[in-house]
Each structure stands twice: as structure tokens, then as C-alpha cells.
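Enquirer: All I have is the shape, not the residue letters:
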């Protein structure tokens, strides 16, 4: 959920669930000193991120903080990687025969590139090796797992 600080109302105003939606807009009178204060809130675990955007001439904006929008949750990644590996190792088809797919074909069926799935699998295996608590952080983004793995690898 995205909110912006309204200079005129002195409160945060809801502007949509996605900043890329065509219905999202910010009134010009709510922009103070060519700066827009944004708040991004994750409804699932009530985390939030605040960012200030500097509005420049010619309609360009400079973002001071950025958040990845395409990043998946750890639980989603586990489900996708599990499905990918299950398709690769073989599944029983409707006629009772075992059907095996190549890694590339299985990735296409899952809807994520093989390269990305390989990276996810690497992160999941490293997280398991270093004792990451997947149940506790299943609703967090993969970036948290990446950071955990990076810190643990750096200590060795």
C-alpha cells in the first residue's frame, strides 16, 4: 500500500496498492519544496518504508530510497523451486506414466527463468546450511535470506 504526505491536509493519503497503476496520482498542491514524502506499507507484516522523492524540472524525479517491487516472498520461492524440481525429477501423468522434464522445460512450466530458479535454490541451500529459520521468516522477501547468507559467508 502506498501513501503520500499531503502538505495541505497534514496527513498521509492513500494513493493505491501499486505506484505503477494508472489511477495513482499526487496533487501538485501537496508537493512541498519540490519534495514528495512516500510511505510504503506491507499489510501482511505491517512493515513500512519511507522515501523522499525530489521533483525536478522537466517532470523527472530522483528517488532517494528504493524498494524492489518484483522480489518474491520466501514461501513463494520455496513453492516455485519445489515445483520446478518435482517436474524435473518426474511426475505421474494422467495415463499413469512418469513424465520427466528438462530443467529448462520445467522452468518454463513454472513460469520463472532457469537462471532465477538456480539462484533461488542456491540461496535456499545456503540458508539451510547456515541455520536460517524459514518458518519464522516465510513472509519476508528473499532479500532477507540473501542478506543472511551474505553475512554468514562473510564470517567464514
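Expert: Looks like it arrived, so ask away. If you're wondering where the values come from, they're calculated on a predicted model, not measured in any experiment.
Enquirer: Tell me how far residue 134 lies from residue 116.
Expert: From residue 134 across to residue 116, the span is 19 Å (Cβ to Cβ, to the nearest Å). Where C-beta positions appear, they are placed from N, C-alpha and C, glycine not excepted.
Enquirer: same thing with residue 13?
Expert: 36 Å.
Enquirer: Residue 8 now?
Expert: Residue 8 is 44 Å from residue 116, where distance means Cβ to Cβ.
Enquirer: the more surrounded of those two?
Expert: Set side by side, residue 8 and residue 116 show more neighbours around residue 116, with 16 against 10, by other Cβ atoms under 10 Å.
Enquirer: buried ones in the helix or strand harbouring that one?
Expert: Using DSSP states H and E, residue 116 maps to helix 114-129. Within helix 114-129, the residues that count as buried by 16 or more other Cβ atoms under 10 Å are 114, 116, 117, 120, 121, 123, 124, 126, 127.
Enquirer: other SSEs contacting whichever helix or strand comes after it?
Expert: Next helix or strand after helix 114-129 toward the C-terminus (DSSP H and E): helix 142-155. In terms of contacts (3 or more Cβ pairs under 8 Å, 6 or more residues apart in numbering; DSSP states H and E), helix 142-155 is packed against helix 74-89, helix 114-129.
Enquirer: tell me the mean pLDDT over helix 142-155?
Expert: Averaging pLDDT along helix 142-155 gives 90.
Enquirer: again, but for stretch 105-121
Expert: Computed over stretch 105-121, the mean pLDDT rounds to 95.
Enquirer: first to last residue in it, what's the distance?
Expert: 17 Å (Cα to Cα, to the nearest Å).
Enquirer: need the contact list for residue 88.
Expert: Residue 88 sits next to 100, 101, 102, 103, 106 when contact means Cβ atoms under 8 Å, 6 or more residues apart in numbering.
Enquirer: Please repeat the previous calculation with a cut-off of 7 Å.
Expert: Residue 88 makes contact with 100, 101, 103, 106 under the criterion Cβ atoms under 7 Å, 6 or more residues apart in numbering.
Enquirer: what about the residue lying closest to residue 123 once chain neighbours are set aside, how many residues close to it?
Expert: Nearest residue to residue 123, sequence neighbours excluded (Cβ to Cβ, 6 or more residues apart in numbering): residue 145, at 5.4 Å. By other Cβ under 10 Å, the residues close to residue 145 number 21.
Enquirer: Residue 145 touches residue 74, doesn't it?
Expert: Yes: checked against Cβ atoms under 7 Å, the pair residue 145 and residue 74 is within contact range at 5.8 Å.
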